[in-house]
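*Asks:* please work out how this folds:
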Amino acid sequence: MIRPILTIISVMTVLVGCTLHTPVQPTPPAPMPEHYQKRLDSAQLGLTVPWWQVFNDAQLDALMTRALRSNLDLEQAWQRLRQAEAGLRIAGAPLWPTLDASGEAGRQGQPSATGDVTGDSRGLSLAAAYEIDLWGKLRSRKTAARLRVRASREDLRSLYLSITAQLADVYFLRMERQAQLVLTDQTIASNADTLQRVERRYRAGTAPALDVHQSRQTLAAARALRPNFQKALNEAETALAVLVGTVAGKGLDLTTVALPDQTVPWNKGVSAGLLLQRPDVQAAALRLRALDQELAAAIADRLPALSLTGAYGHSTSDLTGTTIDGLVWRLFANLTAPLWDGGRRRAEVDRRRGAVAEALAGYRQTLLVAAKEVEDALFAIRMRRTRLANLVDEVAAADASLRLSTNQYFQGLRDYLEVLNAQRLQFDARSRLIATQRDLLSDRITLARALGGGWTEIHVNERIEKSQEGRSGHGS
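*Replies:* Residues are numbered from 1 along each chain as shown. Next up is the predicted model:
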């Protein structure tokens, strides 16, 4: 009995070396450029350390620490990773034999020529089963699960980038809205002072009533802007609360901070090879390879399968009045080959091929989008800097124009309409300057997110290690 089983195993094992499937390789749609159109300083972008630390803002650092610890989107992603890790253990289980224990005990009676016979029976056995992975089907499934675990980790890295970028963007948006609120208060105060001076001129008979009404209208318009900025500021603060995983207004204790200086130029190069290291690009490549492994498993599923089963135990029976006691065992080899299944297995292979082709196109699309995001961010930064420089000049000219028109009006040399126009232009210029300063920060955040960075891997690995230590300590 043993010899035929060993013969079958030997013959089938020789066939394992046959190549059933050539793995697909994640290839870019076209050669990537060696360098981006703008040279950057990788240290300032935070590619090796958390990128937001370049702003030297302790309040932002504290918010980031809270978000990385308490953000609920991140917590959901960690739980998805745990599910993927469990899936890997499930996929690897069929590579090992299964072993089951069974026991039975009973009492029964039956008629016989000499009368009813009763007796007891008892048995205890171990049963084992094992499928020989002739064509690598089981190994392919485990490899696919392992690749999906790695893809889940890359998803975590992507989410780290996304959450930190969102938080920094909202944080600086809050700064901008605070600055807009301060500018509005300054404008209200200035317009109120101007109104008092115009009213004094009116009472003195040197200004018409129209000037008073226009001045009051300008002051009321400035006051009407304030609730909008207050609303926008509150929305930014509640958005920050959600990102750090807390209820709005609970424990943020944010102080007023000015927008950081963005005049320091970037002057070092960054290789385009960084695109291939982006978490979303890595995740797309890993999922492509996982689907390819599942295709290999589907191909192998169309081929014969060999499994071994065996049992060993002890049995006792005294039904006939004579006790029968001894060991029982059995060993079987089962070779099955699919002959007809209505085309199900072939259709599954075709479905898997389509999924691999789709994933390859998706990987290439992800890479193209990544390159686009970097190029767009670089171009936006360059254009935003030009706009910022022009706005600085515009604000200086608007300030001078307002001072001159106001002085000349109160000297009786100018019409009040020129003062109103100068006030409006100055407010608009200063407001646009504040918004552009924040937009430049947003562009820089977008670039840091587009380029990825190794710091995310450090954070993910640290938490994984702590989680494993926690489970080990709990188990001990």
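
*Asks:* now Phe332: which helix or strand?
*Replies:* strand 324-336 (DSSP states H and E).

*Asks:* which parts of the stretch 201-350 of the chain are strands?
*Replies:* For the stretch 201-350 of the chain, the strands defined by DSSP state E, counting those that start in this stretch cover 305-317, 324-336.

*Asks:* not counting the first one itself, show me its contacts.
*Replies:* Same thing as strand 305-317. 5, 8-9, 12, 102, 119-132, 134, 323-337 (CB atoms under 8 Å, 6 or more residues apart in numbering). (Glycine included, C-beta is placed from N, CA and C.)

*Asks:* hey, which of the strands of the stretch 201-350 of the chain is tucked in deepest?
*Replies:* Of all these, strand 305-317 has the most neighbours on average by mean count of other CB atoms under 10 Å, namely a mean of 16.

*Asks:* what ranges do the helices span in the stretch 301-450 of the chain?
*Replies:* 344-410, 416-451 (DSSP state H, counting those that start in this stretch).

*Asks:* sorry, slip of the keys, the one I care about is the stretch 101-250 of the chain.
*Replies:* 137-203, 209-243.

*Asks:* from the centroid of the chain, which residue is nearest?
*Replies:* Geometric centre of the chain, nearest residue: Leu159, 2.2 Å, by CA atoms, centre = their mean.

*Asks:* so that residue touches Ala77, yeah?
*Replies:* Yes: in this structure Leu159 lies within contact range of Ala77 using CB atoms under 8 Å: 5.0 Å.

*Asks:* please save the CA atoms from stretch 219-226 in CSV.
*Replies:* Extracted in CSV, the C-alpha atoms of stretch 219-226 (Å, rounded to 0.1, in the frame of the first residue of the first chain):
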residue,chain,number,x,y,z
LEU,A,219,-17.8,101.1,7.6
ALA,A,220,-21.0,99.0,7.5
ALA,A,221,-19.7,97.0,4.6
ALA,A,222,-16.5,96.2,6.5
ARG,A,223,-18.5,95.2,9.6
ALA,A,224,-20.6,92.9,7.4
LEU,A,225,-17.5,91.0,6.3
ARG,A,226,-16.5,90.1,9.9
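
*Asks:* which residues does that stretch contact?
*Replies:* By CB under 8 Å, 6+ apart, the list of residues contacting stretch 219-226 from outside reads 181, 184-185, 187-188, 191-192, 194-195, 427.

*Asks:* in PyMOL, how would I select just the buried ones from those residues?
*Replies:* Restricted to buried positions by 16 or more other CB atoms under 10 Å, the PyMOL selection for the contacts of stretch 219-226 reads:
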select buried, resi 181+184+187+188+191+194+195+427
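
*Asks:* so what's the closest residue in space to Glu154 that isn't next to it in sequence up against?
*Replies:* For Glu154, ignoring the flanking residues on the chain, the nearest one in space by CB to CB, 6 or more residues apart in numbering is Ala283 at 3.7 Å. The neighbourhood of Ala283, defined by CB under 8 Å, 6+ apart, consists of 151, 154-155, 158.

*Asks:* then Leu417?
*Replies:* Gln214.

*Asks:* before we move on, back to that, which of the helices of the stretch 101-250 of the chain is buried the deepest?
*Replies:* Highest mean neighbour count among these (mean count of other CB under 10 Å): helix 137-203, with a mean of 20.

*Asks:* and the angle from that one to helix 344-410?
*Replies:* With axes from the mean of the first three to the mean of the last three CA atoms, to 10 degrees as the basis, helix 137-203 and helix 344-410 are set at 20 degrees to each other.

*Asks:* now the closest residue to Pro304 other than its chain neighbours: how far from Arg302?
*Replies:* Distance criterion CB to CB, 6+ apart; nearest residue to Pro304, sequence neighbours excluded, is Ala337 at 4.0 Å. Ala337 sits 9 Å away from Arg302, going by CB to CB, to the nearest Å.

*Asks:* more crowded one of these two?
*Replies:* Higher neighbour count among Ala337 and Arg302: Arg302, with 17 against 9, using other CB atoms under 10 Å.

*Asks:* if we can go back for a sec, could you dump the contacts of Ala283 into a markdown table and include pLDDT and distance to Ile381?
*Replies:* As requested, the contacts of Ala283 are exported to a markdown table (pLDDT from 0 to 100; distance: CB to CB, whole Å):
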| residue | pLDDT | distance to Ile381 |
| --- | --- | --- |
| Ala151 | 94 | 31 |
| Glu154 | 92 | 26 |
| Asp155 | 92 | 28 |
| Ser158 | 92 | 22 |
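
*Asks:* dump the residues you listed into JSON lines; add distance to Arg139 as well.
*Replies:* Output for the contacts of Ala283, formatted as JSON lines (distance: CB to CB, whole Å):
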{"residue": "Ala151", "distance to Arg139": "19"}
{"residue": "Glu154", "distance to Arg139": "23"}
{"residue": "Asp155", "distance to Arg139": "24"}
{"residue": "Ser158", "distance to Arg139": "29"}
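
*Asks:* now the stretch 101-250 of the chain, which segments are flagged as low pLDDT?
*Replies:* For the stretch 101-250 of the chain, applying pLDDT under 70 flags the ranges 110-117, 249-250.

*Asks:* related to what we said a few turns ago, for the residue nearest to Glu154, report the pLDDT, please.
*Replies:* The score at Ala283 is 94. That number is its pLDDT.

*Asks:* out of the helices of the stretch 101-250 of the chain, nearest to Gly342?
*Replies:* Proximity to Gly342 (CB to CB) singles out helix 137-203 among the helices of the stretch 101-250 of the chain, at 20.4 Å.

*Asks:* thinking again about what came up before, a markdown table for the helices of the stretch 101-250 of the chain, including distance to Ser307?
*Replies:* Formatted as a markdown table, the helices of the stretch 101-250 of the chain follow (distance: least, CB to CB, whole Å):
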| stretch | distance to Ser307 |
| --- | --- |
| helix 137-203 | 11 |
| helix 209-243 | 53 |
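
*Asks:* and of these, who's closest to Val257?
*Replies:* So among these, helix 137-203 is nearest, using CB to CB, at 6.1 Å.

*Asks:* relative to strand 305-317, how tilted is that closest one?
*Replies:* Inter-element angle recorded for helix 137-203 and strand 305-317: 110 degrees (by the same axes, to 10 degrees).

*Asks:* from Ile163, how far off is Ser70?
*Replies:* Ser70 is 11 Å from Ile163, where distance means CB to CB.

*Asks:* right, I mislabeled it, should have said Leu402
*Replies:* 43 Å.

*Asks:* got it, and Arg146?
*Replies:* Arg146 is 26 Å from Ile163, by CB to CB.

*Asks:* same question for Gly362.
*Replies:* Relative to Ile163, Gly362 is positioned 23 Å away (CB to CB).

*Asks:* what does the pLDDT read for the residue nearest to Pro304?
*Replies:* Here the pLDDT value assigned to Ala337 is 88.
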